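Student: here is my input; please provide its structure:
(2 chains)
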Protein chains: 2
Amino acid sequence: MTLNAADAPFAAHLSGLLPEGVLRPVEPRYLTEPRGRWQGQVGVLALPRTVDDVATLVRAAGQWRVPVVPYGGGTGLVGGQVMPDGPAPLLVSLERMNHIRAVHPEENVLLAEAGCILADIQAAAAKADRLFPLSLAAEGSCRIGGNLSTNAGGVNVLRYGNTRDLCLGLEAVLPSGQIWHGLSRLRKDNTGYDLRNLLIGAEGTLGIITAAALKLSPVPGSIGTAMLSVASPKAALELLSLARAQVGEAVSAFELIHRQGLEFLTEVLPQVRQPFETLPEWCVLVELGLSGGRAASEALEHLFETALSAGLADDGVIAQSEAQRHALWTVREHLPEANRLIGSVSSHDVSLPLSAIPDFIKRAAAAVAEIGPFRINKFGHLGDGNLHYNVFPPKGHSRTEFAAVAGQVQRAVHDLVHALDGSVSAEHGIGRLKADDLIRYGDPVKLAAMRAIKTALDPVGIMNPGAVLRG
Amino acid sequence: MTLNAADAPFAAHLSGLLPEGVLRPVEPRYLTEPRGRWQGQVGVLALPRTVDDVATLVRAAGQWRVPVVPYGGGTGLVGGQVMPDGPAPLLVSLERMNHIRAVHPEENVLLAEAGCILADIQAAAAKADRLFPLSLAAEGSCRIGGNLSTNAGGVNVLRYGNTRDLCLGLEAVLPSGQIWHGLSRLRKDNTGYDLRNLLIGAEGTLGIITAAALKLSPVPGSIGTAMLSVASPKAALELLSLARAQVGEAVSAFELIHRQGLEFLTEVLPQVRQPFETLPEWCVLVELGLSGGRAASEALEHLFETALSAGLADDGVIAQSEAQRHALWTVREHLPEANRLIGSVSSHDVSLPLSAIPDFIKRAAAAVAEIGPFRINKFGHLGDGNLHYNVFPPKGHSRTEFAAVAGQVQRAVHDLVHALDGSVSAEHGIGRLKADDLIRYGDPVKLAAMRAIKTALDPVGIMNPGAVLRG
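Tutor: Modelled structure (predicted):
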């Protein structure tokens, strides 16, 4: 159906319906995204304070047939937050709905509005002696509504799950403009279809999440971090199995890093101190969080010794202080920035069945080498089968020289991922970047069901048009 | 839309489309359910061997506008598997799709067909030195397709989650008769709407699950079980917090039992040996599963000592052998059977925010006492906020004497649950038993969204009509 632009008459109509201060001039920062791939259009910007404001906005947009783009922290990497074409949209930024409505430490539950910054939620949980385990690079600026809408992942998925797994209930405005009051604190509730998980990961195409009931966890009594060099991804997987056999769920993070990433750090971020004298071909960052009075450093030493004698690791560093722990994480956390400075030809956020990872790494290298003499930086959340697989120009060359084959590289990597039963979007979502991939690689029956659900809940198609489902 | 009965001409049509042996005479066991509330009608029974058979059945049912009732182990407690009125249905029992297609211990994944009996899946996981943690009373006869369709709970939800949380991917036949190939082994996959979780818990109204990729866990190295008497539900909740502070996720089960349940055992199942000389007002069954070489019995002793000195527990038994462990579980597991033998006036499977449980127990007792001199047996999965709250006639009286007020009792309990932000179906589902409750207590916006989704995916309304969504 044809949509109309969010123009001056629409803004005038809205201003009669909403409290003062909700409508704002559209600043340029709302129209860009981290990788600079898209440029949004100037429509109307609203900063609602309440769920009722949001409902008013969505109802009006439905009546005027104006597209609505929900906006969180703007940190998404697949363009879900920027609508570059079609009629200029109503941007609904949740940033003023940033209150933590309640903390229930005795229930391990926290109720947060969608505009809460992730780090603020982490801090509120910590203040109540609890852990909100979602942790990712953008945590200082991303907002929980966006994390939920994209089902964000991050470094603690192995132990605590994706954002989906950390949510008990939602309050949301559906495309009809009606408010769903589903802010449940219940651990078990089998009353009807799972609307919560349908909205989570829908990237704003089925409604606007306005608040969430989030699961907290006990804070592990002792946290320990180590970086171990391993011979291969296969050895890394075996080390992970060993770690879980030794400490069970206490393995909080297990990050794989390839030498290329460490070399990039040396090249463009030499101030980042690296733990190894000689850069290993592969290494893993392991974090344990133990309870029951057990010392994580001892458990790591035991793991390291067992791994050494089993031939799974050949060198390693166990952090002996919080500063050393921080230093190890600094290495991991600066990999994306180093990538950005080098400039990738093509970046991929993929996941694979765990046992397919060694094969994928081997075959992808061969496939990419056929296209050009690229450098490949692969790193990621090994325990989740999630690799960030990024392809770079050879040293001394720029990405622009390879612009013509970037699509070919992407296709080769994604084709291989698909052939190995993997996913071309592990944790970043589909947005606008991968809408065509969804058509190419997605199950056609699932895609048809998605379209039917979208049409059923949003018959006019106002919610974030062009994201996830194309055309 | 009007549906037609699964009659002889329809059966003849099907027999031309399907391999021999798929169509069977309808035996009476397919037309009853455990609590004897409904009686099914004789239509057509199909026992498909493959997902293609299932697709053929559903497509034909769509063309002939015949209702389809998917059938698992038949153990559901809310009548989801029995269609007592309307045109006689096509019953599709998955019992012959009972193969474990693959076990991937290195990925902690198992692929099972929907007709696999839960205990067989547990055994296959154990054979690969892994744990499939879903565990519930019916595990010897319920089938995983039914567990998924009802999002079954059980005793290990506290640590491992509901069935929903144990599933990575599905293969299913949608109401269109198309096959969704979504049997993903991926831990992270953000490619579009969460169709998996929409089908899980939909109780067969949105399609037929034919196979699932299930998450396995490492087997804890040391398992320990104790039964501790506690002063109150509040003390039990504090004991749970203490246990989690001491051993983190290793608390696998935490079951609350009221004296009434123990008295029922004495009354009707005296052969069940009970651990306490004097029956305590409240007790909890705690199970720990530890890794890392730690002895669960020592951790339980430490917990018991701390609980004693904090005044949270006043007596207790820690199992010293597998036989003793089994004996403690026998007490818990025979509570439903004792209930059945006594005969309840009204049974409730409810969940509450954890901190509301003490208040609920107090107020529910008062509300029920206003209706009659009932005995109340409340027990359940305290860590999940899930209580089985069952109301019985006074000693020496029969349930039939109170048949006239059973509805009143149910209403009083459910009204209170609803007022305290709880759920009237924690783990059993809606089925036909609670379809009216869903209308009464459910969020109307969610209900409208559910109806829209149902119509979008099943426009003719063939899938399990009358279950979940009424009329």
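
Student: residue A:132 contacts residue A:119, correct?
Tutor: No: counting by Cβ atoms under 8 Å, residue A:132 stays clear of residue A:119, with 9.9 Å between them. For the C-beta atoms, the positions are set from N, CA and C on the backbone; glycine is no exception.

Student: which stretch of helix or strand covers the one residue sitting closest to the centre of chain A?
Tutor: Closest residue to the average C-alpha location of chain A: residue A:152 at 3.3 Å, with Cα atoms, centre = their mean. Using DSSP states H and E, residue A:152 falls within no helix or strand.

Student: residues contacting it?
Tutor: Listed by Cβ atoms under 8 Å, 6 or more residues apart in numbering or on different chains, the contact partners of residue A:152 are A:134, A:136, A:142, A:146, A:162, A:163, A:427.

Student: out of these, which end up buried?
Tutor: Buried members of the contacts of residue A:152, counted by 16 or more other Cβ atoms under 10 Å in any protein chain shown: A:134, A:136, A:142, A:146, A:162, A:163, A:427.

Student: the first one belongs to a helix, doesn't it?
Tutor: No: with DSSP: H, G, I helix; E, B strand; the rest coil as the criterion, residue A:134 is located in coil rather than a helix.

Student: the closest residue to chain B within the stretch 1-150 of chain A: what's its closest spatial neighbour, skipping adjacent residues?
Tutor: At 4.3 Å from chain B, residue A:107 is the closest residue in the stretch 1-150 of chain A, using Cβ to the nearest Cβ. If the residues on either side of it in the chain are set aside, residue A:107 comes closest to residue B:354, at 4.3 Å by Cβ to Cβ, 6 or more residues apart in numbering or on different chains.

Student: then residue A:409?
Tutor: Nearest to residue A:409 is residue A:346, by Cβ to Cβ, 6+ apart, at 4.3 Å.

Student: mind listing what's buried in stretch A:439-459?
Tutor: Using 16+ other Cβ under 10 Å as the test for burial, stretch A:439-459 gives A:441-443, A:445-447, A:449-450, A:452-454, A:456-458.

Student: now the residues you listed as TSV including pLDDT and secondary structure?
Tutor: Shown next, in TSV, are these (pLDDT from 0 to 100; DSSP: H, G, I helix; E, B strand; the rest coil):
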residue	pLDDT	secondary structure
A:441	97	helix
A:442	96	coil
A:443	97	coil
A:445	98	helix
A:446	98	helix
A:447	98	helix
A:449	98	helix
A:450	98	helix
A:452	98	helix
A:453	98	helix
A:454	98	helix
A:456	98	helix
A:457	98	helix
A:458	98	coil
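
Student: among those, which are in reach of chain B?
Tutor: Under the cut-off given by Cβ under 8 Å from any Cβ of the partner chain, chain B has A:441-443, A:445-447, A:449-450, A:452-454, A:456-457 from these close to it.

Student: one step back: just the contacts of residue A:152 now: which is nearest residue A:291?
Tutor: residue A:134 (19.7 Å; Cβ to Cβ).

Student: list the contacts of residue A:118.
Tutor: Applying Cβ under 8 Å, 6+ apart to residue A:118 gives the contacts A:73, A:134, A:136, A:138, A:139, A:140, A:142, A:143, A:144, A:147.

Student: ok, the third one to residue A:333 distance?
Tutor: Same thing as residue A:136. Computed with Cβ to Cβ, to the nearest Å, the distance linking residue A:136 and residue A:333 is 10 Å.

Student: contacts for stretch A:448-464, please.
Tutor: Applying Cβ under 8 Å, 6+ apart, the external contacts of stretch A:448-464 come out as A:1, A:3, A:58, A:61-62, A:65-70, A:80, A:83, A:174-176, A:198, A:203-208, A:468-469, B:174, B:176, B:178, B:180, B:192-193, B:195, B:198, B:449, B:452-453, B:455-457.

Student: where does chain A dip in pLDDT?
Tutor: Within chain A, the segments meeting pLDDT under 70 span A:1, A:471.

Student: pop the domain breakdown of it in here.
Tutor: Following automatic domain parsing, one finds the domains of chain A at A:100-218, A:222-335, A:343-428.

Student: those residues of the stretch 251-400 of chain A touching chain B, which are they?
Tutor: Counting by Cβ under 8 Å from any Cβ, the residues of the stretch 251-400 of chain A near chain B are A:289-294, A:299, A:351-355, A:381, A:383-386.

Student: just give me the neighbour total for the residue of the stretch 1-150 of chain A closest to chain B.
Tutor: A count of neighbours around residue A:107, defined by other Cβ atoms under 10 Å in any protein chain shown, yields 22.

Student: show me what contacts it?
Tutor: Neighbour list for residue A:107: A:185, B:353, B:354, B:355 [criterion: Cβ under 8 Å, 6+ apart].

Student: show me which of the residues you listed is closest to residue A:246.
Tutor: residue B:354 (31.2 Å).

Student: would you mind writing the CA trace of stretch A:261-275 as PDB?
Tutor: What follows is stretch A:261-275, C-alpha atoms only, in PDB (Å, rounded to 0.1, in the frame of the first residue of the first chain):
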ATOM      1  CA  GLY A 261      43.400  -9.400  14.500                       C
ATOM      2  CA  LEU A 262      46.400  -9.100  16.800                       C
ATOM      3  CA  GLU A 263      48.500  -8.000  13.800                       C
ATOM      4  CA  PHE A 264      45.900  -5.300  13.000                       C
ATOM      5  CA  LEU A 265      46.200  -4.100  16.600                       C
ATOM      6  CA  THR A 266      49.900  -3.900  16.200                       C
ATOM      7  CA  GLU A 267      49.500  -2.000  12.900                       C
ATOM      8  CA  VAL A 268      46.900   0.600  13.800                       C
ATOM      9  CA  LEU A 269      46.400   0.500  17.600                       C
ATOM     10  CA  PRO A 270      49.900  -0.100  18.900                       C
ATOM     11  CA  GLN A 271      49.000   1.400  22.300                       C
ATOM     12  CA  VAL A 272      46.900  -1.700  23.000                       C
ATOM     13  CA  ARG A 273      49.200  -4.000  25.100                       C
ATOM     14  CA  GLN A 274      49.200  -7.600  23.900                       C
ATOM     15  CA  PRO A 275      49.800 -10.500  26.200                       C
END
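
Student: list of residues touching that stretch?
Tutor: Defining contact as Cβ under 8 Å, 6+ apart, one finds that stretch A:261-275 is touched by A:227, A:276, A:279-280, A:283, A:317, A:327-328, A:330-331, A:334-335, A:337-339, A:341-342, A:377, A:379, A:392, A:395.

Student: can you rerun that using 7 Å?
Tutor: Here stretch A:261-275 makes contact (Cβ atoms under 7 Å, 6 or more residues apart in numbering or on different chains) with A:227, A:279, A:317, A:327-328, A:330-331, A:334-335, A:337-339, A:341-342, A:377, A:379.

Student: now which of those residues would you call buried?
Tutor: Buried among the contacts of stretch A:261-275 by 16+ other Cβ under 10 Å: A:227, A:279, A:317, A:327-328, A:331, A:334-335, A:338-339, A:342, A:377, A:379.

Student: may I ask which two of those residues are separated the most?
Tutor: A:317 and A:342, at 25.1 Å, using Cβ to Cβ across the buried ones among the contacts of stretch A:261-275.

Student: so what's residue A:354 up against?
Tutor: A:237, A:385, B:106, B:107.

Student: rewinding a little: tell me which of the buried ones among the contacts of stretch A:261-275 fall in helices.
Tutor: Mapping the buried ones among the contacts of stretch A:261-275 onto helices (DSSP state H) picks out A:327, A:328, A:331, A:335, A:338, A:339, A:342.
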